[in-house]
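# okay, predicted coordinates and the sequence, questions at the end:
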Amino acid sequence: MSRIIGIDLGTTNSCVCIVEGGHPVIIPNDTGERATPSVVAFTQKGDVLVGSAAKRQQAVNPGRTISSVKRQMGTSWSMKIDDKRWTAQEISALILRRLRQDAETYLGETVTDAVITVPAYFNDIQRQATKDAGRIAGLNVRRIINEPTSAALAYGLNNGTPQKIMVYDLGGGTFDVSIIEIGEGVIEVLATSGDNHLGGDDFDERVMNHLLDTFQRESHIDLRRDPAATGRVREAAEQAKKELSGSEIAQISLPFIAQRDGQPVHMELSLTRAKFDQLTADLVERTAVPVRNALRDAGISPSQLGRVLLVGGSTRIPAVQAKVRQLTGKEPSRSINPDECVAQGAAVQGDILQGSRELAAKGDILLLDVTPLSLSIETVGGVATRLVERNARLPIHHSQIFSTTAPFQRAVEIHVLQGERPMARDNKSIGRFRLTGIERAMAGVPQIEVTFDIDANGILTVSAQDKKTGKAQSITITASDKMSEDEIQQAIRDAELFAGQDSLYKDGMAAVNDARTLVSRVEAALKQQGKAIDKAQKRQIKSDIAALNKVLFRCRPGKMNESDIAGLRDAIARLEASSANL
């Protein structure tokens, strides 16, 4: 049976984990990093870069580099690169595919199943988009789990003492807060709240704009007109934010950032923690309302919390930690790694789903999650009539009787919404469900039972039944932001095509590196041994070096096919054979 991996698909960084020996183990990527930047880039040569390689070239290739795509999940966002238009699901799938490949390399076996985390405040469409991204990446997504819940699962694995905890999760692009009760073998989410557009990216944006404005004021040069320069400033802003978590001042030094009258202009600025706190004070304050809402919905006071867990890299900001202390009256716990605990919890959930004995010594763990947003239906007058309250425990099965509003009406349309506002127009539309073939009758006579089922992933499905005839019909969500099955299958085929290209690129690059290393080694040996080598052998070796260099000269890793790689390998083999005695 294939192992189930846990994936934290983050806005800024992503992480993959597996349970081994009863403990979650973070899987390093191919460069040895424990987290992979959630960045995808398309080079002019047609290569696709994912992770650190993509992030390193972002400043010089901003128009073909995509970051923070998680914020676009479940929307109509897309980006055209060359002849292809990429959706958020497809970009996310490239990141997931890379994490899957890292896991397969680490485990030495094929990986097909995964548990993927999402912000607790993701709606149905965003959750489905995440699941679609997993399918495109070749993964069977066994469960979608909320990030704060996943962190609590990782914490509860070694802290089973009954207690109520708050998980304060401020990541790169989203903010969630959950109140969770840990009992004996049970982890129950009592309430959740959050903001899907608040995170470290917003802090970076504030610092970047401050640096750009200060530089323009002092030099009279507007760097916003230069995308590459703006990218460098954004990177510097992110680094300054990180430095200010441990020091009172950060230096920003960007040489040759611009030119004036043919002379280079450098950016040399400093940023104090006090100024940073001033620039971002309202962002920190925005976390207060979800915290209060979650506590209120859970029906507890801050004094009843046993622990406050900080999750997400942005919780390292001192002002954020001070706000948590102010809101809860407690010193935040540092017992879990804020960058890795979400992936660890996902791996634990995967191990539980698999029925593995890895965690048997710790006993069975039952996870009870909630739906983050209320579900409503638009009724007469544009009112959002509440059917399912937020923070209702998953899974949910809810039925309600509807009828017609006009005489002899043969069809009804049910507009489903997610959100907390009283009017339909102020909530998020997630689908329109249409039932046809209703028996002709006066208004209000037909009885149509509509059933809403929300599974453990928080994903909604709908069915309907005419109570008079007993005839049942299934109703499919038709929200335009979702990918159709045809679109998903096409994306899967495209991903497989790119996977083939990635494999060829990797094989070609490996062959080129092997060839260069061999030539360098043999030339050094020839120079060292000199006259000690037989003349005929020396001529053969030099001939094979020249032949290999000629093949190398024609090789471009991104453009090589299988035949090119085979020819290069043949030339390598000939030189290895002739120089075997060196």
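Arrived safely.
# low-confidence regions, the chain specifically.
1, 157-160, 356-366, 380-381, 457, 469-506, 556-559 (pLDDT under 70).
# mind redoing it with 50?
Residues of the chain meeting the criterion pLDDT under 50: 360-362, 478-480.
# counting residues, name the longest strand you see in it.
strand 249-260 (DSSP state E).
# helices of the protein, start to end?
Per DSSP state H, the chain carries helices over the ranges 52-56, 88-107, 124-136, 147-156, 200-219, 227-243, 273-285, 288-298, 318-328, 341-354, 485-529, 535-554, 562-578.
# now do the buried residues in the shortest one.
Right, the one you point to is helix 52-56. Ser52, Ala53, Ala54, Lys55 (16 or more other Cβ atoms under 10 Å). Bear in mind the C-beta positions are built from the backbone N, C-alpha and C, glycine included.
# which other helices and strands contact it?
For helix 52-56, the elements it packs on are strand 36-37, strand 39-42, judged by 3 or more Cβ pairs under 8 Å, 6 or more residues apart in numbering; DSSP states H and E.
# try 10 Å
Packing contacts for helix 52-56, counted by 3 or more Cβ pairs under 10 Å, 6 or more residues apart in numbering; DSSP states H and E, involve strand 36-37, strand 39-42, strand 48-50, strand 65-67, helix 88-107.
# helices or strands up against the second one?
Pointing back at strand 39-42 there. strand 48-50, helix 52-56, strand 65-67, strand 78-81, strand 84-87, helix 88-107.
# gap between it and the chain center?
Relative to its parent chain, strand 39-42 has a centroid offset of 14 Å by Cα atoms, centre = their mean, to the nearest Å.
# next one: stretch 309-327
In terms of Cα atoms, centre = their mean, the centre of stretch 309-327 is set 21 Å apart from its chain centre.
# number the residues from 15 up from this point.
Will do, 15 is the new start, and the previous item becomes stretch 323-341.
# and it, how far apart are its ends?
End-to-end distance of stretch 323-341 (Cα to Cα, to the nearest Å): 13 Å.
# then stretch 175-192?
Using Cα to Cα, the end-to-end distance of stretch 175-192 comes out at 18 Å.
# buried residues in it?
Quick answer for stretch 175-192 (16+ other Cβ under 10 Å): 178-192.
# stretch 555-575 now?
Neighbour counts over stretch 555-575 (16+ other Cβ under 10 Å) mark Ile555, Asp558, Ile559, Leu562, Val565, Leu566, Cys569, Pro571, Met574 as buried.
# one more: stretch 278-289?
Residues of stretch 278-289 classed as buried: Val279, Met281, Leu283, Leu285, Arg287 (neighbour count, 16+ other Cβ under 10 Å).
# and of these, the nearest to His37?
If you rank those by distance to His37 using Cβ to Cβ, Arg287 comes first, at 36.6 Å.
# for that closest one, what are its contacts?
Contact analysis of Arg287 by Cβ atoms under 10 Å, 6 or more residues apart in numbering lists Glu257, Leu258, Ser259, Gly260, Ser261, Glu262, Ile263, Ala264, Ile331, Pro332, Ala333.
# export the residues you listed to TSV and tack on distance to Ile109 and neighbour count?
Output for the contacts of Arg287, formatted as TSV (distance: Cβ to Cβ, whole Å; neighbours: other Cβ atoms under 10 Å):
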residue	distance to Ile109	neighbour count
Glu257	27	17
Leu258	28	23
Ser259	26	18
Gly260	29	10
Ser261	32	10
Glu262	35	11
Ile263	35	14
Ala264	29	23
Ile331	25	23
Pro332	30	14
Ala333	30	19
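# next, format these as TSV and append distance to Asp116.
Below are those laid out as TSV (distance: Cβ to Cβ, whole Å):
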residue	distance to Asp116
Glu257	29
Leu258	31
Ser259	28
Gly260	29
Ser261	33
Glu262	38
Ile263	37
Ala264	32
Ile331	29
Pro332	33
Ala333	34
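# of the residues you listed, closest to Ala580?
Glu257 (49.5 Å).
# I'd say that closest one and Thr286 touch.
No. Between Glu257 and Thr286 there is no contact under Cβ atoms under 10 Å: 11.1 Å.
# what residues do the two have in common as contacts?
Common contacts of Glu257 and Thr286, defined by Cβ under 10 Å, 6+ apart, comprise Ile263, Ala264.
# closest to Glu463 out of the contacts of Arg287?
The closest of the contacts of Arg287, once distances to Glu463 are taken by Cβ to Cβ, is Ile331, at 50.1 Å.
# what's near enough to touch that closest one?
Neighbours of Ile331 in contact, by Cβ under 10 Å, 6+ apart: 184, 214, 217, 255-256, 258-259, 287, 290-291, 294, 297-298, 337.
# switch to 8 Å and redo it
Residues counted as contacts of Ile331 (Cβ atoms under 8 Å, 6 or more residues apart in numbering) are Phe217, Lys255, Leu258, Ser259, Thr294, Val298.
# hmm, back to that, can you give me the buried ones in the longest strand of the chain?
Within strand 263-274, the residues that count as buried by 16+ other Cβ under 10 Å are Ala264, Ile266, Leu268, Ile271, Ala272.
# so what are the sheet partners of that strand and their directions?
Paired strands of strand 263-274, with direction, are strand 277-286 (antiparallel) (DSSP bridges).
# the inter-axis angle of the strand it pairs with versus helix 214-233?
130 degrees (axes from the mean of the first three to the mean of the last three Cα atoms, to 10 degrees).
# contacts for strand 277-286?
Contact with strand 277-286 is made by 221, 224-225, 228-229, 233, 235, 247, 250, 254, 258, 262-273, as judged by Cβ under 8 Å, 6+ apart.
# check whether Val384 really touches Ile201, as I assumed.
No. In this structure Val384 lies outside contact range of Ile201 using Cβ atoms under 8 Å: 11.9 Å.
# rewinding a little: among the helices and strands packed on helix 66-70, which comes closest to Lys145?
Shortest distance between Lys145 and the helices and strands packed on helix 66-70, using Cβ to Cβ, is found for helix 102-121: 9.2 Å.
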